[in-house]
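Structure of the sequence below:
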Amino acid sequence: MVLHDYKRRRWENSINEQQCSNTKPSQPFPLLDLPLHLVSDILSRLPLTNIIRCTCVCKIFLKLIKDPYFAKLHLARGPTLTTNLILQETVGRLGALYFFTFDLCESTLSSCSSNDQNVCSYSKCGLPILCRINAEFSFRTERVTLIGSCNGLLCLYFDSGNNPFYGICNPILGECTQLPQPTASAPLYTYAKYSGFGYCSRLKQYKVVRFLHLTSVENPMNSKRIVADLHTLGSDSWRRIENAPCPKRNSFDPFLNGALHWITNSEKPSELISSFDLEREKFDFVPPPPHFNAAYTRKVSWINIGVLRGNLCICYIYEDAMFEAWVMREYGVKETWRKEFGIDMKFYCKLQVEDLHRPIKFVSNGDLWFVSSSDSLVSFSPEKRTFRELRSMGPWKPGVTAHDLSLVSLNDVFKGGTKLQVKKSRRGRTFVFGI
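Predicted structure coming up:
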């Protein structure tokens, strides 16, 4: 605590020096008469678009907001009444990501940008359609996969033939960088199409993990062997981790308690949920709910994992008739699993099993958002027991990902580590990310 107060006082002194040199007595600004830690606290609670506008007010605000301390403050105290979605579009060799902000109070989609000239006012079947109205960026390479989002940073995988690579970007700041090439492995190792991206708060490090499987023709017994490669942002190499579990699918919200989580393809119920601790860099298994025995799991047709109000949550469909969500109240303790809600599909008209196969996230009010089989953005309220179609996805056929906007700069993330080139946007809210 003493060290934290010292850092804050030193940071305030540097801002005060700037304030004295740039503020004229004849033009007082009452807000700046407040202690700067109060000013930063006030600004950190604003929506990100308003914070960005504040950088144009005066040099004091600009320096305050660009400070890494403020970026951390905004992450901790930012507004919780909005959620952000990423929609991906790929046309030929070019791709684009579009960002949308959803106001949970007004139940309307709005742009994160003040430029609304591209807003589509038409709707399909009475349901408004999402369109490109916010930060947009494109790629120079095809077959790009969005790996994950963490603290406002996106991890992307570019499958460019013999030289695949990972990229990290903050689209709001218009920053992007390419990570070192993954570890060169023997020809018998193949990328297993699963990766993860997360942040270790204790070490203050971002890490990327990817899975590979051994496709050996000489020894078929090892054909299912899985290994993992791990990269720490700021380093110049990848490290190999042997005997990794095999993910069954990517989780829709995998990061919790400094660990990434996946559903595995193991037939043992005790090995159904796998975790990777980013600090210890080790794989573990999280115990499933007590009723998950071998006979029960054979009747589960679909299962995924996410986070609900800060707790680990599994969602699954049982006997193609019941959708259930279970929450682990105390992380790692098997006896603390509790059923959060269930959806009996036969009681909901037009609801199909496939409708619940594409969850996006649990928003702050506890509602589950997902993409239906008819390509509509839908919200289910466990409290009201109602479904609500929010928007039509229009031409968006690829996956939809939830994303938290932030002011975390890649220059601060890679500070003190390997110097990687951080590219900046050339044209406002659009930039190109290529090889």
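
Any regions of the stretch 301-435 of the chain where pLDDT drops low?
For the stretch 301-435 of the chain, the stretches flagged by pLDDT under 70 are 349, 394-398, 416-435.

doesn't S275 make contact with F285?
Yes. Counting by C-beta atoms under 8 Å, F285 does reach S275; the two are 7.3 Å apart. C-beta: built from backbone N, CA, C; applies to glycine.

Looking at the two, which one has more neighbours?
Neighbour count, other C-beta atoms under 10 Å: between F285 and S275, S275 has more, with 23 against 15.

Verify the stated contact: the more buried one with F283.
Yes. Using C-beta under 8 Å, S275 makes contact with F283 at a distance of 7.1 Å.

Convert the C-alpha atoms of the helix or strand D41 falls within to PDB, please.
Per DSSP states H and E, D41 falls inside helix 36-44. Extracted in PDB, the C-alpha atoms of helix 36-44 (Å, rounded to 0.1, in the frame of the first residue of the first chain):
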ATOM      1  CA  LEU A  36      -5.600  14.700  -9.800                       C
ATOM      2  CA  HIS A  37      -6.400  11.300  -8.400                       C
ATOM      3  CA  LEU A  38     -10.100  12.400  -8.100                       C
ATOM      4  CA  VAL A  39     -10.000  13.800 -11.700                       C
ATOM      5  CA  SER A  40      -8.700  10.400 -12.900                       C
ATOM      6  CA  ASP A  41     -11.300   8.600 -10.900                       C
ATOM      7  CA  ILE A  42     -14.100  10.600 -12.400                       C
ATOM      8  CA  LEU A  43     -12.800  10.200 -16.000                       C
ATOM      9  CA  SER A  44     -12.100   6.500 -15.600                       C
END
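
Which strands or helices does it pack on?
Contacts defined by 3 or more C-beta pairs under 8 Å, 6 or more residues apart in numbering; DSSP states H and E place helix 36-44 against helix 2-22, helix 48-54, helix 59-66, helix 68-77.

tilt between the last one and helix 59-66?
Spelled out, that is helix 68-77. Helix 68-77 runs at 70 degrees relative to helix 59-66, counting by axes from the mean of the first three to the mean of the last three C-alpha atoms, to 10 degrees.

which residues make contact with stretch 320-335 from outside it?
When contacts are defined by C-beta atoms under 8 Å, 6 or more residues apart in numbering, stretch 320-335 is touched by residues 256-257, 286-290, 301, 308-309, 311-318, 336-346, 353, 356, 368, 382.

Just checking the distance from it to the centre of its chain.
Taking C-alpha atoms, centre = their mean, to the nearest Å, one finds the center of stretch 320-335 at 22 Å from the center of the full chain.

Ok, stretch 342-362 next?
23 Å.

Three-state assignment for the most centrally placed residue in the chain, please.
With distances taken as C-alpha atoms, centre = their mean, the chain has S149 as the residue nearest its mean C-alpha position (2.4 Å). S149 carries the three-state label strand when classified by DSSP: H, G, I helix; E, B strand; the rest coil.

Tell me who's in contact with it.
Residues in contact with S149 (C-beta under 8 Å, 6+ apart) are I86, C155, F197, T401, A402, H403, D404.

tally of neighbours for the last one?
Applying other C-beta under 10 Å, we find 16 other residues in the vicinity of D404.

Neighbouring strands - and their directions - for the longest strand seen in the chain?
Ranked by residue count under DSSP state E, the longest strand found in the chain is strand 189-200. Using DSSP bridges, strand 189-200 pairs in its sheet with strand 205-214 (antiparallel).

Which one (most neighbours) among the contacts of S149?
Neighbour max across the contacts of S149 (other C-beta under 10 Å) = F197, 27 neighbours.

Tell me who's in contact with L85.
F99, F100, F102, I360, L377, V400, T401, A402, H403 are the contacts of L85 under C-beta under 8 Å, 6+ apart.

Show me which of those residues is closest to D229.
Closest approach to D229 among the contacts of L85 (C-beta to C-beta): T401, at 22.4 Å.

which of the contacts of stretch 320-335 are buried?
The neighbour-count test (16 or more other C-beta atoms under 10 Å) marks 256, 286-289, 308, 311-318, 337, 340-341, 343, 356, 368, 382 as buried among those.

From those, which land in helices?
Using DSSP state H to define helices, no part of these is located there.

ok so, going back, out of the helices and strands packed on helix 36-44, which gets the lowest mean score?
Here the lowest mean pLDDT among the helices and strands packed on helix 36-44 goes to helix 2-22, at a mean of 52.

how about the strands in the stretch 251-400 of the chain?
255-256, 259-264, 273-277, 282-286, 300-308, 311-318, 322-328, 337-344, 359-362, 368-371, 376-381, 386-392, 400-403 (DSSP state E, counting those that start in this stretch).

Just grab the bridge partners of Y199 for me.
Listed by DSSP bridges, the beta-bridge partners for Y199 are Y206.

tally of neighbours for the closest residue to L368 other than its chain neighbours?
Using C-beta to C-beta, 6 or more residues apart in numbering and skipping residues adjacent in sequence, the residue nearest L368 is F380, 4.7 Å away. Applying other C-beta under 10 Å, we find 24 other residues in the vicinity of F380.

Ok, V408 next?
24.

my read: it touches N151, true?
Yes. At 5.4 Å, V408 and N151 qualify as touching, with contact defined as C-beta under 8 Å.

what's the overlap in contacts for the two?
Taking C-beta under 8 Å, 6+ apart as the contact rule, V408 and N151 both touch L75.

Show me the beta-bridge partners of the closest residue in space to D277 that isn't next to it in sequence.
If the residues on either side of it in the chain are set aside, D277 comes closest to A259, at 4.9 Å by C-beta to C-beta, 6+ apart. In this entry, A259 is beta-bridged to L256, D277, by DSSP bridges.
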